[in-house]
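>>> this one's structure only:
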């Protein structure tokens, strides 16, 4: 599993021997949580980050949010609720994480989410103002900067031809990010779709397909095992950083992290997967994985079945 962790390190790759840096501690905690599945060990590191690195508000708030997620995975609802409430109280400036914490509190109480992921991302784009000055730069570098600046996930569709290698010159000053996204899409002749709160960059033709993409769900009247898989992919949240990782290894990693049965059809193409995404529902991750790699993923006989199209 450690080899897979190197291939698909969660969020960031960092040495296990890192000392006191907040980013290194956070990466170590993520590895403990998601690769080793040692939730109690991860909790101790997250608590330490919040205590020692409170002045580094972004990472401290992320650690506080991960504490809530760990407590939820452990089934300790009261402590999860407390962790989310403390995030909302102590880190009001981290609007994206505050909204996500409110969503989790709503889910814990059984109330419907007050804000959908799409609406949350739309609000962030509208209220965030940004300066950009890129000259003959890869569009992926521009999108990475936007994603890091606004804490909004941006994905580039590998099926979108030259998009991943496209070089652009693009400069704006003090504009709402929503307008910047529109300008960037228009001048680069590509499309950006706010899909479940994730900004997916692709061709206009594939954007139309993405908007029509069905969710992965058990069939009506499906057996209990299939319904259980559907509940799991809608509740499990994972973070991935796959870069040219063989499909079989990518699915093996997802199988290990989720503890679900994932079956690969023998006729699936032996392709490589690139997918970088943070703290996202497993169902959404699988849908994007299928869309970007010409796959069909469905639930059958208590398993997730992966086939090539």
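Thanks, I have it. Every value quoted in this text rests on a predicted model; they were computed, and no experiment measured them.

>>> Name whatever forms a beta bridge with residue 129.
On the basis of DSSP bridges, residue 129 is bridged to residue 176.

>>> how close does it get to residue 62?
According to Cβ to Cβ, to the nearest Å, residue 129 and residue 62 sit 23 Å apart. Heads up, the C-betas are built off the backbone N, CA and C, glycines and all.

>>> Which one's more surrounded, those two?
Neighbours were counted for residue 129 and for residue 62 using other Cβ atoms under 10 Å; residue 62 has more, 26 against 13.

>>> Let me see the contact set for the more buried one.
26, 97 (Cβ atoms under 8 Å, 6 or more residues apart in numbering).

>>> hang on, it in a strand?
No - looking at residue 62 with DSSP: H, G, I helix; E, B strand; the rest coil, it is helix, so not inside a strand.

>>> Buried ones in stretch 225-245, by neighbour count?
Across stretch 225-245, burial judged by 16 or more other Cβ atoms under 10 Å covers 226-227, 229-230, 232-233, 236-242, 245.

>>> first to last residue in that stretch, what's the distance?
End-to-end span of stretch 225-245 (Cα to Cα, to the nearest Å): 30 Å.

>>> next one: that stretch to chain centre, how far?
11 Å (Cα atoms, centre = their mean, to the nearest Å).

>>> Would you mind checking the average pLDDT for it?
Summarised as a single mean, pLDDT over stretch 225-245 is 88.

>>> now do stretch 63-83
91.

>>> What distance do you get for residue 52 to residue 60?
9 Å.

>>> Check residue 53 too.
Distance, residue 53 to residue 60, by Cβ to Cβ: 5 Å.

>>> so where is this protein shaky, pLDDT-wise?
Scanning the chain for pLDDT under 70 picks out the ranges 1-20, 111-114.

>>> what about the helices in it?
Counting by DSSP state H, one finds helices in the chain at the ranges 2-7, 22-30, 39-52, 57-74, 77-90, 95-109, 117-127, 139-150, 177-188, 204-211, 224-235, 247-258, 282-292.

>>> and the angle from the second one to helix 39-52?
Spelled out, it's helix 22-30. Here helix 22-30 points in a direction 160 degrees away from that of helix 39-52 (axes from the mean of the first three to the mean of the last three Cα atoms, to 10 degrees).

>>> picking up where we left off before, of residue 53 and residue 60, which one has the most company?
Between residue 53 and residue 60, residue 60 has the larger neighbour count (other Cβ under 10 Å), namely 23 against 19.

>>> got a list of what the more buried one touches?
Going by Cβ under 8 Å, 6+ apart, residue 60 touches 22, 49, 50, 53, 54, 91.

>>> Please produce CSV containing those, extended by distance to residue 205.
Putting these into CSV (distance: Cβ to Cβ, whole Å) gives the following:
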residue, distance to residue 205
22, 43
49, 44
50, 46
53, 45
54, 48
91, 41
